[in-house]
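In: build the 3D model from these lines:
(4 chains)
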There are 2 protein chains.
Amino acid sequence: MATITDVSKKAGVSRSTVSRLIAGNGYVSDEARKAVEAAIQELGYRPNTMARGLRSNRSDIIGGVVVNVSSPFYAQMIGGMQETARSAGKSIIVASGYADRDEEAHAIIELLDRACDGLILYLENALRDDVLEIIARSKTPVVTVGGNECPPARARVTIDNATGAEAGMRLLLDQGHRHIAYLSGGTIYRDTHERLSGIDAALAGFGLARDDIYVEHGSFSETFGQQASARLLVERPETTAIFAGDDDVAAGALLALKAAGKRVPEEISLLGFDDNFHARHLTPGLTTVRQPVDEAGRVATRLLLSILDGEPPAAPVITIPTELIMRQSVGPARSLSPTPRTVAPALTAS
Amino acid sequence: MATITDVSKKAGVSRSTVSRLIAGNGYVSDEARKAVEAAIQELGYRPNTMARGLRSNRSDIIGGVVVNVSSPFYAQMIGGMQETARSAGKSIIVASGYADRDEEAHAIIELLDRACDGLILYLENALRDDVLEIIARSKTPVVTVGGNECPPARARVTIDNATGAEAGMRLLLDQGHRHIAYLSGGTIYRDTHERLSGIDAALAGFGLARDDIYVEHGSFSETFGQQASARLLVERPETTAIFAGDDDVAAGALLALKAAGKRVPEEISLLGFDDNFHARHLTPGLTTVRQPVDEAGRVATRLLLSILDGEPPAAPVITIPTELIMRQSVGPARSLSPTPRTVAPALTAS
DNA sequence: GATCGATATGGGATCGATCTCACAGGGAGA
DNA sequence: TCTCCCTGTGAGATCGATCCCATATCGATC
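Out: Numbers count the residues shown, from 1 in each chain, chains lettered A, B, ... in the order given. Model (predicted):
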């Protein structure tokens, strides 16, 4: 591989001149520029990333930690990150944190060892103290996405769970549903609480309160959706609508409803959250609250890039709006004659 | 950040000794070892990846190019790669090739610039000549996965499309189907041809040939599945089974079948390929040939790691077996009395 | 004509590790 | 006692870039 010295010799200039040309700073005469460009072309010269990084203390690598790289949800986010990073000439290394505190710590430390210019974290746990200190010492800027707050973060991107859940619940209420079950994810997640507050807001708009619906806390899993729904059909047969904590829960609920011979949405309505890959492939198509996680990845990366450029982030917290995706799994409540009020439009609150 | 010199001073030895200790080669006395370990601990020393890489010409990074990072299919493969790489202390940088020759070229060049120790490629096009030369010049070992052959690759991992398609077709034949449509992906893919040869083999086992079924070539997309199936229902109403080129095609086919009021599998059977995330969420659950793409990612990475260790790869081509996943979308042919022969067992050849 | 700023270039130190080589000490064998 | 090998250590060169500083030329200004 050709080095900068080879180029400089071939072009009859010093390494400094070549370096200046590549970096695009400092003065370079037209004559020198042409000679150097020709030499670069001829030798097929490509700067050595390691040497550059060692000297300038930049790697042009952004580190990302998500819960699970293999999951379609995070894959979309990674796609968004990568797309944005690529246009700034940076690459992304991602690692999985597996929702485990020590795995998350390990992943972060490994990324910092690689001298990442910055970190984008989607974690499920608070950072370990030693990791906090390592991050601080390395002065690596951090942007977090979703989940909980995280001390060293210079900026945070969240998805507007509250407004999304509010829009979803309002849709159900608008359709005349009053016996509603909310099959929530675990209470350890910030998301869960935000969604609940949105649900409260929608209820309040109809003169109702949390106690007027049935809420069960479980996990974000198909199994939970299936089991809780099966139980629900027996113990609360008056239920006309299920609002699932996410699309996996909804998929499980749908299995249970079909097993029980319930028609969706004629007998019971089903509403999801996320707009997973399979939401549209369910039968009936799942009406759901879309979380634009790819957009979150893009925004987080853009924030990080601006921090790296020395600009302050656009805002310390950026909230990505959700969108209500209307498919076929939600309909009017079965006991009511269909006098739907205006259906809530796709809510795109900022 | 502490450097190796800081450590050596604190421990009262030379940098060489510290380096030897870390690398685990050469002689280090117990006394020195203890002193150095204490110093490392105390200073929180972590070796600088850039400096090490510059000198030793290794980055401990493996580069991966897949068609699309955001897609669940490739996300699974990336997960497998990462898991394996991590256990060897290496990280992975992935890029999308978007099935475009120039995008693929760009991604590879970028990864080579990062001085990747090796590349794992899942491409859809032949490599551009200039890229071939750059790879050769950099002496970076390459392992390819799926898709077509690729000159510079030291080893190749393929998924056993032929045997998988054979098992799928045999299942349909076993169930008495004789009016079968195969909605294939594009003919530019090696996969397509391999699957067709497997289909031929299954047909031959029943004394049939390719001409005895209907084959249509399109693309690996839901749209193709939907349109082709809709046409099929009109033009070839005798069809009792559709074998889809992949699960996306199958999902499209299912939409068309439902739109036409056909019951699956009572009136028409549907068989997929891949076992995508949504295969089990379709209604009925999609019977399909599973491609263990996560395993392919793991195997490819293991191959690359062994090449990097100087060992020859276990084999130049490693074929990952597929698995027939039985769900509900395939049943006996409608005109036949249900005298199914033995249903083909889940085929796990070689 | 002296001074100053802008343009243009080169020399060498530097980043933090690895790696080769030289060398010292000690025990074994001739 | 001398040689040889094994253990253990350190000095210094090296990887390939960037970056600071010195310097040279030229035109404009005083």
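In: can we go C-alpha only for contacts and neighbour counts from here?
Out: Noted.
In: for DNA strand D, see how far away A:R58 is.
Out: Using C-alpha to the nearest atom of the strand, to the nearest Å, A:R58 is found at 9 Å from DNA strand D.
In: sec struct for the residue nearest to A:E124 when sequence neighbours are not counted, please.
Out: Closest residue to A:E124 apart from its sequence neighbours, by C-alpha to C-alpha, 6 or more residues apart in numbering or on different chains: A:A99 at 5.1 Å. Local secondary structure at A:A99 is given as coil here, using DSSP: H, G, I helix; E, B strand; the rest coil.
In: can you report phi and psi for A:A99?
Out: phi 50, psi 20 (degrees, to the nearest 10).
In: check contacts around it.
Out: When contacts are counted by C-alpha atoms under 8 Å, 6 or more residues apart in numbering or on different chains, A:A99 touches A:V67, A:L123, A:E124, A:N125.
In: which residues in chain A form helices?
Out: Under the criterion DSSP state H, helices of chain A are mapped to A:4-11, A:15-23, A:30-43, A:49-56, A:72-87, A:101-113, A:129-138, A:161-174, A:190-205, A:222-235, A:247-259, A:293-308.
In: dump those into a markdown table; add mean neighbour count and mean pLDDT as well.
Out: Supplementary listing: these in a markdown table, determined by neighbours: other C-alpha atoms under 10 Å in any protein chain shown; pLDDT from 0 to 100:
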| stretch | mean neighbour count | mean pLDDT |
| --- | --- | --- |
| helix A:4-11 | 18 | 95 |
| helix A:15-23 | 16 | 94 |
| helix A:30-43 | 16 | 94 |
| helix A:49-56 | 16 | 94 |
| helix A:72-87 | 22 | 94 |
| helix A:101-113 | 20 | 94 |
| helix A:129-138 | 14 | 91 |
| helix A:161-174 | 26 | 96 |
| helix A:190-205 | 20 | 93 |
| helix A:222-235 | 19 | 95 |
| helix A:247-259 | 23 | 93 |
| helix A:293-308 | 22 | 95 |
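In: ok, so what distance separates the residue nearest to A:E124 from A:E295?
Out: Distance of A:A99 to A:E295, given as C-alpha to C-alpha, to the nearest Å: 22 Å.
In: now A:R231
Out: Distance of A:R231 to A:E295, given as C-alpha to C-alpha: 37 Å.
In: now do the closest residue in space to A:K90 that isn't next to it in sequence against DNA strand C, distance only.
Out: Closest residue to A:K90 apart from its sequence neighbours, by C-alpha to C-alpha, 6+ apart: A:D60 at 4.8 Å. Here the criterion is C-alpha to the nearest atom of the strand. By it, A:D60 lies 16 Å from DNA strand C.
In: so what's A:D60 up against?
Out: Going by C-alpha under 8 Å, 6+ apart, A:D60 touches A:G89, A:K90, A:S91, A:C116, A:D117.
In: what of A:S19?
Out: By C-alpha under 8 Å, 6+ apart, the neighbours of A:S19 are A:I4.
In: and what of A:L304?
Out: A:G118, A:L119, A:I120, A:P141, A:V142, A:V143, A:P313.
In: measure the third one to A:I62 for me?
Out: To tie it back to what came earlier, the one meant is A:I120. The separation that A:I120 has from A:I62, given C-alpha to C-alpha, amounts to 8 Å.
In: quick one: which of the two has more around it?
Out: Counting neighbours by other C-alpha atoms under 10 Å in any protein chain shown for A:I120 and for A:I62 shows that A:I120 has the greater number, 28 against 25.
In: so the more buried one makes contact with A:V145?
Out: Yes. With the criterion set as C-alpha atoms under 8 Å, A:I120 and A:V145 qualify as a contacting pair; they are 7.2 Å apart.
In: now for the two: what residues contact both?
Out: For the pair A:I120 and A:V145, residues contacting each of them under the criterion C-alpha under 8 Å, 6+ apart are A:A300.
In: can you list the domains in chain A?
Out: Structurally, chain A divides into domains by automatic domain parsing as follows: A:4-47, A:59-158+A:295-320, A:161-291.
In: for chain B, give me its nearest residue in the stretch 251-350 of chain A.
Out: Across the stretch 251-350 of chain A, no residue is closer to chain B than A:H278, which sits at 5.0 Å (C-alpha to the nearest C-alpha).
In: that residue: how many residues sit nearby?
Out: Applying other C-alpha under 10 Å, we find 20 other residues in the vicinity of A:H278.
In: and it, what is it in contact with?
Out: When contacts are counted by C-alpha under 8 Å, 6+ apart, A:H278 touches B:F277, B:H278, B:H281.
In: now intersect those residues with the strands, please.
Out: Judged by DSSP state E, strands contain none of the contacts of A:H278.
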